[in-house]
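In: need a structure here:
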Amino acid sequence: MLCPIVHPANFGGMDILAQVLDRVRLGGTLLFHFELGHPWNLALPARPYALFHYLSRGSATLALEQGQELQMTEGDFVVITRGEPHVFYSDRRAKPLQIVDLDRSSARLGVVRHGGRAKPLSTMICGNFTVARPLFGSVLELLPPVLLLKPNADGGWLEAILRRMVSESALERPGQRVALSRLTEVLFVEVLRSWIASLSPGQGGWLGAISDPHIGPALKLIHENPERPWTLSDLGHRVGLGRSVFSARFTKLVGQSMHRYVIERRMAEAAFLLETSEEPIARIASRVGYETAAAFSKLFHRHHGLSPGRYRTVQRLDGSQGQLHGSKERVSD
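Out: Alright, predicted model coming up:
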């Protein structure tokens with residue numbers, strides 16, 4: 001049977017990035033809003049999540065643990081994607097304020113003032129990006145350890161979101177935490193868009209390859225139908241490339257072979273179904289392209305380190321504990 005060729009210009013299909021971000025349960029919030037008078041120095045410890053900082057006014061030096069330093073000016077936005085320790089300062093000699101020691105219960109989301117009274121004055125907001133299901137897409141792992149975005153003519157939406165977060169955090173109002181959480185999610189999407197637009201061919205793994213006129217449609221086909229027995233010839237034909245050219249281009253842009261990517265996609269889909277549905281393991285195996293539950297279970301265990309049944313149990317337990325923890329936090333608020 002002949003398969004139709006997908007012309008890139010006419011390809012609709014699913015939004016891969018939207019699907020991945022939805023499934024990883026992307027979250028985040030604003031942690032601090034600082035007003036800083038020279039000289040000042042802020043020290044942030046290691047965190048198990050990505051941290052972002054927006055310098056809405058003034059200038060600062062960002063120093064990382066391994067010695068790298070970045071000069072930041074007004075409007076700069078930086079993401080510390082691995083949560084490694086870092087320091088911001090206007091004067092390295094100033095005594096650092098250890099952020100971990102701040103009493104967040106009293107500070108809430110209001111303005112925290114630090115430093116001296118001398119100019120120049122700086123203002124900065126700090127927050128985090130979290131991923132509840134890190135197995136799906138590994139979005140943060142694709143980003144560089146430090147991502148610095150400079151303001152530009154096309155960055156209006158990014159700046160607008162950040163400035164809205166600044167004003168939202170300055171005064172405590174009903175619904176503030178929910179509003180900041182939603183703004184943080186939109187902010188992360190805008191950060192990814194800006195970063196993707198800055199990439200050269202071959203950078204950024206599958207995120208960078210989404211915009212390629214041939215590999216982008218191929219990725220969408222894989223995501224829409226992970227259960228299909230995709231071959232290089234079949235998929236290459238569908239996007240208008242020969243087998244060898246398609247294979248080389250896919251590996252170069254995505255960073256792994258098509259075969260490896262299909263397996264990872266199937267395993268991610270299977271893990272998602274195990275966590276979110278009551279379907280039997282044999283049914284899930286069939287839905288992701290495996291004829292027998294035994295073959296599927298063997299590969300799943302190799303990929304995730306747990307059998308499908310055990311994975312489902314662990315994820316359900318973790319999820320119920322997370323909900324309980326969240327309800328306790330809401331009561332304490």
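In: now the strands for this protein?
Out: Taking DSSP state E, the strands of the chain run over residues 26-38, 41-44, 50-57, 59-64, 69-73, 77-80, 86-89, 97-98, 111-115, 118-131, 146-149.
In: For the shortest one, name the packing helices and strands.
Out: Using 3 or more Cβ pairs under 8 Å, 6 or more residues apart in numbering; DSSP states H and E, the elements in contact with strand 97-98 are strand 41-44. No exception for glycine: its C-beta is placed from N, CA and C like everyone else's.
In: for the strand it packs on, the distance to its chain's centre please.
Out: Put simply, strand 41-44 sits 24 Å off its chain's centre (Cα atoms, centre = their mean, to the nearest Å).
In: Give me the average confidence score over it.
Out: Here strand 41-44 scores 92 as its mean pLDDT.
In: Pull the residues that contact that strand.
Out: 34, 36, 51, 85-92, 94-100, 114-115, 126 (Cβ atoms under 8 Å, 6 or more residues apart in numbering).
In: If we use 7 Å, what do you get?
Out: Outside strand 41-44, the residues that touch it by Cβ atoms under 7 Å, 6 or more residues apart in numbering are 51, 85-89, 91, 94-99, 114.
In: Most neighbours of all the residues you listed, which one?
Out: The most crowded member of the contacts of strand 41-44, judged by other Cβ atoms under 10 Å, is Phe88 (26 neighbours).
In: Provide a list of residues in contact with it.
Out: By Cβ under 7 Å, 6+ apart, the neighbours of Phe88 are 42, 60, 62.
In: Neighbours of the last one, how many?
Out: Right, Leu62. By other Cβ under 10 Å, 20 other residues sit near Leu62.
In: thinking again about what came up before, CSV for the contacts of strand 41-44, including distance to Ala268 and pLDDT?
Out: Putting the contacts of strand 41-44 into CSV (distance: Cβ to Cβ, whole Å; pLDDT from 0 to 100) gives the following:
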residue, distance to Ala268, pLDDT
Leu51, 26, 91
Pro85, 31, 92
His86, 31, 94
Val87, 36, 94
Phe88, 36, 95
Tyr89, 41, 94
Asp91, 47, 93
Ala94, 46, 91
Lys95, 47, 90
Pro96, 41, 89
Leu97, 41, 88
Gln98, 38, 87
Ile99, 34, 84
His114, 43, 89
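In: which of those residues lies closest to Asp318?
Out: Nearest to Asp318 among the contacts of strand 41-44, counting by Cβ to Cβ, is Leu51 at 23.3 Å.
In: which residue packs closest to that closest one, ignoring adjacent ones?
Out: The shortest distance from Leu51 to any residue other than its chain neighbours is 4.6 Å, reached at Ile80 (Cβ to Cβ, 6 or more residues apart in numbering).
In: can you pull up the bridge partners for the one you found?
Out: Beta-bridge partners recorded for Ile80 (DSSP bridges): Leu51, Val146.
In: Counting neighbours, what do you get for it?
Out: Using other Cβ under 10 Å: Ile80 sits among 24 other residues.
In: cool, and the one 4 residues further on?
Out: Glu84 is flanked by 16 other residues according to other Cβ under 10 Å.
In: List the contacts of it.
Out: Applying Cβ under 7 Å, 6+ apart, we find Glu84 in contact with 46, 64-65.
In: Over to Trp157?
Out: Glu190.
In: mind running it again at 10 Å?
Out: Going by Cβ atoms under 10 Å, 6 or more residues apart in numbering, Trp157 touches 186-187, 189-190, 193-194.
In: and these, which are buried?
Out: 187, 190, 194 (16 or more other Cβ atoms under 10 Å).
In: from the residues you listed, which is closest to Leu274?
Out: Nearest to Leu274 among the buried ones among the contacts of Trp157, with distances taken as Cβ to Cβ, is Leu187, at 30.6 Å.
In: what residues are up against the residue lying closest to the closest one once chain neighbours are set aside?
Out: Leaving aside its sequence neighbours, Leu187 sits nearest to Ile161 (Cβ to Cβ, 6+ apart; 5.0 Å). Counting by Cβ under 10 Å, 6+ apart, Ile161 makes contact with 54, 183-184, 186-191.
In: rerun at 7 Å
Out: 183, 186-187, 190.
In: again, but for Trp206
Out: With Cβ under 7 Å, 6+ apart, Trp206 has these contacts: 219, 254.
In: Per-residue pLDDT of it, please?
Out: 87.
In: do the same with Ser167
Out: Ser167 carries a pLDDT value of 81.
In: any idea how far it lies from Ser194?
Out: Going from Ser167 to Ser194 by Cβ to Cβ, to the nearest Å gives 22 Å.
In: Same question for His214.
Out: 24 Å.
In: before we move on, what about Leu235?
Out: Separation of Leu235 from Ser194 (Cβ to Cβ): 30 Å.
In: re earlier: the residue nearest to Leu51 touches Gln68, doesn't it?
Out: No. The criterion here is Cβ atoms under 7 Å, and Ile80 misses it with Gln68 at 11.1 Å.
In: quick revisit: in JSON lines: the contacts of strand 41-44, plus distance to Thr292.
Out: Formatted as JSON lines, the contacts of strand 41-44 follow (distance: Cβ to Cβ, whole Å):
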{"residue": "Leu51", "distance to Thr292": "45"}
{"residue": "Pro85", "distance to Thr292": "48"}
{"residue": "His86", "distance to Thr292": "49"}
{"residue": "Val87", "distance to Thr292": "55"}
{"residue": "Phe88", "distance to Thr292": "55"}
{"residue": "Tyr89", "distance to Thr292": "60"}
{"residue": "Asp91", "distance to Thr292": "66"}
{"residue": "Ala94", "distance to Thr292": "65"}
{"residue": "Lys95", "distance to Thr292": "64"}
{"residue": "Pro96", "distance to Thr292": "59"}
{"residue": "Leu97", "distance to Thr292": "59"}
{"residue": "Gln98", "distance to Thr292": "56"}
{"residue": "Ile99", "distance to Thr292": "52"}
{"residue": "His114", "distance to Thr292": "61"}
